[in-house]
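Undergrad: Build the 3D model from these lines:
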Amino acid sequence: MLRNLTPDEVTDTDFPVLVKANVGGSGAGITRFDTPAALAEAAARGLDLGVDHTALVQEYAPLRGGRICRVELLARRFLYAIEVFPPGGSFNLCPADACQTRDGRALERSACALDAPRNGMRVAAFAPPAAIVAACEAIAAAAELDVGGIEYLIDDRDGEPYFYDINALSNFVADG
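TA: As a prediction, this is how the structure comes out:
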């Protein structure tokens, strides 16, 4: 089962783990550690945990089919879904179409669907199973999420879906 762990709860059998620093989206600040020694060494050097020094330690789950899925919701109801095939080892999963600042300057688009072919990422329309749609709608209702996206993966070890990210904004994929 995919779990979020406190540092005191991490054991050798929980590796690999991801440390997700509170530094923004699109996979920023996510680092994979394969062993307790690697994590301890990085911690001793000092991990960048963002402005509030907060991070999430999460068990790493191998992606079934090499993909994650994002379900977009509007008014807490299913709107569409996409599957994202990130390049190996990447945690940059943002498929948004528009990536620019308020004054029109382009942002770093290492994870943008517009640049997906250049970056080795593929994004495709997807029809999730009815049980996944129902679960996403239930999550949206419980979180009072009127518009946004819920990401999940299928763990290749047990075939179970795990919801790992709830976004209170849509990624605005025009051709989902």
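Undergrad: for the chain, which strand is longest?
TA: strand 63-74 (DSSP state E).
Undergrad: Buried ones in it, by neighbour count?
TA: 63-64, 67-73 (16 or more other C-beta atoms under 10 Å). Just so you know, the C-beta spots here come from the backbone N, C-alpha and C atoms, and that holds for glycine as well.
Undergrad: Val17 and Asp52: what is the separation?
TA: Computed as C-beta to C-beta, to the nearest Å, the Val17 to Asp52 distance reads 20 Å.
Undergrad: Please identify which of these two sits among more neighbours.
TA: Taking other C-beta atoms under 10 Å, Val17 and Asp52 do not tie; Val17 has more neighbours (21 against 9).
Undergrad: In the protein, which helix is the longest?
TA: In the chain, taking DSSP state H as the definition, the longest helix is helix 130-143.
Undergrad: quick one on the thing from earlier: residues making contact with the longest strand of the chain?
TA: Here strand 63-74 makes contact (C-beta atoms under 8 Å, 6 or more residues apart in numbering) with 78-86, 88, 93, 95, 126, 128, 132-133, 136-137, 140, 145-156, 159, 170-171, 173, 176.
Undergrad: ok, now how distant is Leu56 from Glu137?
TA: Taken as C-beta to C-beta, the span from Leu56 to Glu137 is 24 Å.
Undergrad: helix, strand or coil for Asp158?
TA: The local conformation at Asp158, judged by DSSP: H, G, I helix; E, B strand; the rest coil, is coil.
Undergrad: how deep is it tucked in, by neighbour count?
TA: Neighbours of Asp158 under the rule other C-beta under 10 Å: 12.
Undergrad: follow-up on the earlier one: going along the chain from the longest strand of the chain, find the next helix or strand for me.
TA: The helix or strand immediately downstream of strand 63-74 is strand 77-85, counting by DSSP states H and E.
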